[in-house]
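Asker: just a sequence and a predicted model for now, questions to come.
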Amino acid sequence: MQDNSKYSSVTEISNIIKAGVEGMIERVYIRGEITGFKISSTGHLFFSLKDSVSSISVCIWKSQWPRVLASVSGNLEAFQNGVEVLAEGTLSVYTKNTTVSVVISKMTPAGVGEQALKFEMLKQKLAAEGLFDPSRKKPLPDYPKRIGIVSAITAAGKGDMLKILAARSPFIEIVVFPTPVQGEAAAAGIIKAIDCASKHYINDTKYKVDVLIIGRGGGAIEDMWCFNDESVARAIAACPIPTITGIGHEQDTTIADFVSDVRASTPSNAAEIVTRNTVGIYDSVSACRVRLQGKMRSILENVEYRLERCASQRLVGLMNTRYSGRMSDFNFTQQRFSVLMNKSLEDRRNRFAMLVQKLDNMSPLKILSRGYAIVQDGHGQTVTDAEQVHAGEQVDIVLHKGRVKAVVDCNS
């Protein structure tokens, strides 16, 4: 029969580890870079300290805040993500899941961490190239018909965006360009998704979008680091589509936010920015319609009132006066038109007669009547040169009236 007495429960093992770890090292001194910085609902601070290889969980109890913040004059912003610190505290084992963490009692900034330094260097480089310049930012369309989303298929942020878009503008089409948004493949995937959206935009396909949202929900800075990738930033800057980034929470800022056309604080905020609340628009249109109907009713009632007050005889008199005036104008215009037409016809008759006279004067028959004649050879060709005929050749002489035949006697 198996002896179970040598086996300990998980809790017993966890307590053994806790006693060993906490009892073996009285105090620890750590240098590391802050990441995943957050304040819990209970008021305690939780984050991790990391170097290029490892990381360890850290906490600062709310009661220790005054002492820890004393080194930075109470400025909590001095201990944000990317800051390298020198920390003192004790090791603690949380027995529920047997995790080791450091409870900090003293902490001072040691300088800018490696990731924060890379971030600043890339930020300065792209800024110097003008990629952050407001003049190159494209305006977002007021009423987009089709919106593109670059995000992970299963991302919570994508789901939030779809809900908001459906609620605010249910008639807008949504095109999702799926990509990982964290991990080693994220940067390449984001670039590929942006490139795909750009090709549809340039080629004017059925998947062409009017605005492109690039987003993901909150998380640790390491999870969102792909949005600090230089290639991703350049892909966003080169995108022909107006872009809006909604990455992480409001306090999270990435390089992608600087190069995009508009930066939103969260994915949900991005969805709100790119859409107008159609429900609100419909309400405004309805209100305008009611006001217009009221105005038209008032105008019609005023006209009806004025018509009722006008006597029929007065109206007839006004109509007769207007009719008489218009008839006088018409008769004058008719008479003037008749005079002008007659004058124009007379001018054209005279001109026509002059042209007929000129044409008659230039007529060959008119010339023949003055004693001239036309000589033609046996082929009916007009003779204009004595060299054209020979002695003994018969020619025709065309006169004003009739024609005679003759024989050439000599050629002189």
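Answerer: Done, it's in.
Asker: strands along the chain, start to end?
Answerer: Along the chain, counting by DSSP state E, strands occupy 28-39, 45-50, 55-60, 83-94, 99-112, 146-151, 173-178, 211-216, 243-247, 262-264, 374-376, 394-398, 403-407.
Asker: and the ones you listed as JSON lines, adding distance to Gln388?
Answerer: To be clear about C-beta, it is placed using only N, CA and C from the backbone, and glycine gets the same treatment. Converted to JSON lines, the strands of the chain look like this (distance: least, CB to CB, whole Å):
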{"stretch": "strand 28-39", "distance to Gln388": "116"}
{"stretch": "strand 45-50", "distance to Gln388": "118"}
{"stretch": "strand 55-60", "distance to Gln388": "120"}
{"stretch": "strand 83-94", "distance to Gln388": "118"}
{"stretch": "strand 99-112", "distance to Gln388": "113"}
{"stretch": "strand 146-151", "distance to Gln388": "88"}
{"stretch": "strand 173-178", "distance to Gln388": "90"}
{"stretch": "strand 211-216", "distance to Gln388": "90"}
{"stretch": "strand 243-247", "distance to Gln388": "92"}
{"stretch": "strand 262-264", "distance to Gln388": "95"}
{"stretch": "strand 374-376", "distance to Gln388": "9"}
{"stretch": "strand 394-398", "distance to Gln388": "10"}
{"stretch": "strand 403-407", "distance to Gln388": "14"}
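Asker: how about a markdown table for these, with mean neighbour count added?
Answerer: Formatted as a markdown table, the strands of the chain follow (neighbours: other CB atoms under 10 Å):
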| stretch | mean neighbour count |
| --- | --- |
| strand 28-39 | 17 |
| strand 45-50 | 20 |
| strand 55-60 | 19 |
| strand 83-94 | 18 |
| strand 99-112 | 16 |
| strand 146-151 | 25 |
| strand 173-178 | 17 |
| strand 211-216 | 28 |
| strand 243-247 | 27 |
| strand 262-264 | 20 |
| strand 374-376 | 15 |
| strand 394-398 | 15 |
| strand 403-407 | 10 |
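Asker: for Arg326, which of those strands is the nearest?
Answerer: Set against Arg326 and scored by CB to CB, those come closest in strand 146-151, at 57.8 Å.
Asker: can you give me the angle the closest one makes with strand 173-178?
Answerer: 20 degrees (axes from the mean of the first three to the mean of the last three CA atoms, to 10 degrees).
Asker: now Thr266. Its backbone dihedrals?
Answerer: Thr266 adopts backbone torsions of phi -150, psi 170, taken as degrees, to the nearest 10.
Asker: hey, which helix or strand in the protein has the poorest pLDDT?
Answerer: Least confident element among the helices and strands of the chain, by mean pLDDT, DSSP states H and E: helix 364-368 (a mean of 71).
Asker: roughly how far is it from the heart of the chain?
Answerer: 83 Å (CA atoms, centre = their mean, to the nearest Å).
Asker: how about residues contacting it?
Answerer: Asp360, Ile374, Val398, Leu399, His400 (CB atoms under 8 Å, 6 or more residues apart in numbering).
Asker: make a markdown table from these and add distance to Lys192 to it.
Answerer: Listed next are those as a markdown table, based on distance: CB to CB, whole Å:
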| residue | distance to Lys192 |
| --- | --- |
| Asp360 | 91 |
| Ile374 | 94 |
| Val398 | 96 |
| Leu399 | 101 |
| His400 | 100 |
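Asker: same list, those, but as TSV with pLDDT and distance to Ile153 please.
Answerer: Formatted as TSV, the contacts of helix 364-368 follow (pLDDT from 0 to 100; distance: CB to CB, whole Å):
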residue	pLDDT	distance to Ile153
Asp360	76	97
Ile374	80	102
Val398	80	104
Leu399	79	109
His400	72	107
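Asker: list the contacts of the residue located most distally from the centre of the chain.
Answerer: Distance from the C-alpha centroid of the chain, by CA atoms, centre = their mean, peaks at Asp409 (99.5 Å). Residues in contact with Asp409 (CB under 8 Å, 6+ apart) are Ala391.
Asker: how close does His44 sit to Ser101?
Answerer: His44 sits 11 Å away from Ser101, going by CB to CB, to the nearest Å.
Asker: buried ones in the least confident helix or strand of the chain?
Answerer: When burial is assessed from 16 or more other CB atoms under 10 Å, helix 364-368 yields no buried residues.
Asker: how about the nearest residue to the residue nearest the centre of the chain, chain neighbours excluded?
Answerer: Nearest to the geometric centre of the chain sits Pro242, at 4.4 Å (CA atoms, centre = their mean). Spatial nearest neighbour of Pro242, chain neighbours left out: Lys138 (4.4 Å); criterion: CB to CB, 6 or more residues apart in numbering.
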